[in-house]
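Visitor: no sequence on this one, just coordinates:
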């Protein structure tokens, strides 16, 4: 084996010659001399106690001064997508709708309505986005509003009547309505400037920047925290202990190289928010506009950085050793990717674990890589837990299409007779093929104007109860065990009697 890479010379403690003039910097040595009296254990203990106490007060003010039932997430709604609220809206849980009539809405906050004088929103509109649009809260500091539910109203932006809508008014009854995440971020960044600790980044994600729910589930956070400490020790053994000590005489420079990328990684949900990639899957990359271009740019940047790091490793003579481990790991990942019924998912915390061992060298770039990768690792495990590298198609689909079979409407633009009054019209669909019956599909779910209006075995639905002066939208799905599969794209019936067939594919 070769020798380890030599430690870097502090940039702020050296002489620079420019046009015959020599400039000598002694910033690092001066900082060390001035701060040496503050390195005693009593002062360190005092700082830790002050930090913990102040953090407890911020956490209490952020989450525990108002009832837990008063919190809503960014995408909370009163009406879930497709058949999630049951027949005629008998169930109420929170999820994420995507289809509004014949319009597919994606990658933007869902707002339906709000254009009337009373700011009436359809019940599947995102609550926070509605409150921001209505001017009751701010995106940066949050706020409190009162939600007034109504039933059977229409809203501007969606003509057909919907079973539920809401209106917002200002709320002055709750004592604490200011989001303190920015305050917590400032405190935690200051704390890491004085005491760089893995714990601070983890708990900032779990409690402030990306809690798994609101208020944060502390039991879940502690369940991930202890394994995180164990993994953190492993990361120290394979990478950090070879790099961080090299900056022992340059603490100010080390703070710059480590902390800026570290917090960029901890706040991955913010720093990468504008990158049009959500999941590293083919479907996600091709679906989002600009996803493929963004992936190519990211791959090129990572390739340049990796090649530079390979050059560093080669100079030390450790390249064959690292290459052997990475090739072995790649072969194992390739084998896992071909397991039947499962899909390989490279979570960002796993990317960090894979890359960090290759950064264990005393260079400035290694310090930058380590800071960012550690922050990204903490963001992944604190926000999502140690998610599996292998997942089912249903896990990846979340609330999107699962790939289930789609039924067919018999009624189409050629068979629909506009001369028959709407009250006498009936729409039809095909029966379930025998092959699908053996797979467990045994019924149908019909959405009319985004509300489940029929669930059963019939092959038709009467339009007698619909308003002839409004457009109507129909989506159909097979059912299995009382649950609906993927719905078709909407078929549209316009007031003039024009029937527009649904586009191919699921909604």
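Guide: The structure has been received and is ready for your questions. In this text the structure is predicted, and so the values were computed from the model without any measurement.
Visitor: over to the closest residue in space to residue 240 that isn't next to it in sequence: give its phi and psi.
Guide: Nearest residue to residue 240 in three dimensions, chain neighbours excluded: residue 370, at 6.2 Å (CB to CB, 6 or more residues apart in numbering). Where you see a C-beta, it was placed from the backbone N, CA and C, and this is true even at glycine. Main-chain dihedrals, residue 370, degrees, to the nearest 10: phi -60, psi -40.
Visitor: hang on, isn't residue 370 packed against residue 258?
Guide: Yes: counting by CB atoms under 8 Å, residue 258 is a contact partner of residue 370 at 7.0 Å.
Visitor: joint contacts of those two?
Guide: residue 244 (CB atoms under 8 Å, 6 or more residues apart in numbering).
Visitor: these two: which has the busier surroundings?
Guide: residue 370 (27 against 23; other CB atoms under 10 Å).
Visitor: now do the contacts for that one.
Guide: Contacts of residue 370 (CB under 8 Å, 6+ apart): 239-240, 243-244, 258, 356, 359.
Visitor: give me the below-cutoff pLDDT ranges for the stretch 151-300 of the chain.
Guide: 152-161, 196, 279-284, 286-287 (pLDDT under 70).
Visitor: the same query, at a cut-off of 50, please.
Guide: Counting by pLDDT under 50, the ranges of the stretch 151-300 of the chain that qualify are 156.
Visitor: would you list every one of the strands in it?
Guide: 164-170 (DSSP state E, counting those that start in this stretch).
Visitor: now residue 457, nearest residue through space, not along the chain?
Guide: Leaving aside its sequence neighbours, residue 457 sits nearest to residue 443 (CB to CB, 6+ apart; 5.2 Å).
Visitor: just list whatever residues bridge to the one you found.
Guide: residue 479 (DSSP bridges).
Visitor: show me what contacts it?
Guide: 455-457, 478-480.
Visitor: most surrounded residue in these?
Guide: residue 478 (24 neighbours).
Visitor: per-residue pLDDT, the residue nearest to it when sequence neighbours are not counted?
Guide: Residue nearest to residue 478 in three dimensions, not counting chain neighbours: residue 441, with 4.3 Å by CB to CB, 6+ apart. At residue 441, the pLDDT value in this model is 95.
Visitor: what's around residue 441, how many residues?
Guide: Neighbours of residue 441 (other CB under 10 Å): 20.
Visitor: surely it and residue 432 touch.
Guide: Yes: look at residue 441 against residue 432 with CB under 8 Å: they come within range, at 5.6 Å.
Visitor: need the residues touching each of the two.
Guide: residue 478.
Visitor: so who does the residue most central in space within the chain touch?
Guide: By CA atoms, centre = their mean, the chain has its centre lying nearest to residue 269, at 6.6 Å. Going by CB under 8 Å, 6+ apart, residue 269 touches 209-210, 379, 383.
Visitor: look up how far residue 405 lies from it.
Guide: For residue 269, the distance to residue 405 equals 35 Å [CB to CB, to the nearest Å].
Visitor: with residue 321 instead?
Guide: Counting by CB to CB - residue 321 and residue 405 are separated by 51 Å.
Visitor: these two: who's more crowded?
Guide: More crowded of residue 321 and residue 405, by other CB under 10 Å: residue 405, with 15 against 12.
Visitor: can you confirm that one is in a helix?
Guide: No: under DSSP: H, G, I helix; E, B strand; the rest coil, residue 405 sits outside any helix and is assigned coil.
Visitor: residue contacts, it?
Guide: 436, 441, 478, 485-486.
Visitor: now, among those residues, which is nearest to residue 470?
Guide: The shortest gap between residue 470 and any of these belongs to residue 486, at 26.2 Å (CB to CB).
Visitor: what strand or helix carries the closest one?
Guide: Under the assignment given by DSSP states H and E, residue 486 is not contained in any helix or strand.
Visitor: same question for stretch 313-326, mean pLDDT?
Guide: 92.
Visitor: list the buried residues in that stretch.
Guide: Within stretch 313-326, the residues that count as buried by 16 or more other CB atoms under 10 Å are 313, 316, 318, 322.
Visitor: so what's the gap between that stretch and the chain middle?
Guide: Put simply, stretch 313-326 sits 35 Å off its chain's centre (CA atoms, centre = their mean, to the nearest Å).
Visitor: offset the numbering so it begins at 37, please.
Guide: Yes, from this point I'll number from 37; that puts the last item at stretch 349-362.
Visitor: span of that stretch from start to end?
Guide: Start and end residues of stretch 349-362 are separated by 13 Å (CA to CA, to the nearest Å).
Visitor: now swap in stretch 208-217 and tell me
Guide: 21 Å.
Visitor: centre of the chain to it, how far?
Guide: Distance, centroid of stretch 208-217 to centroid of chain: 24 Å (CA atoms, centre = their mean).
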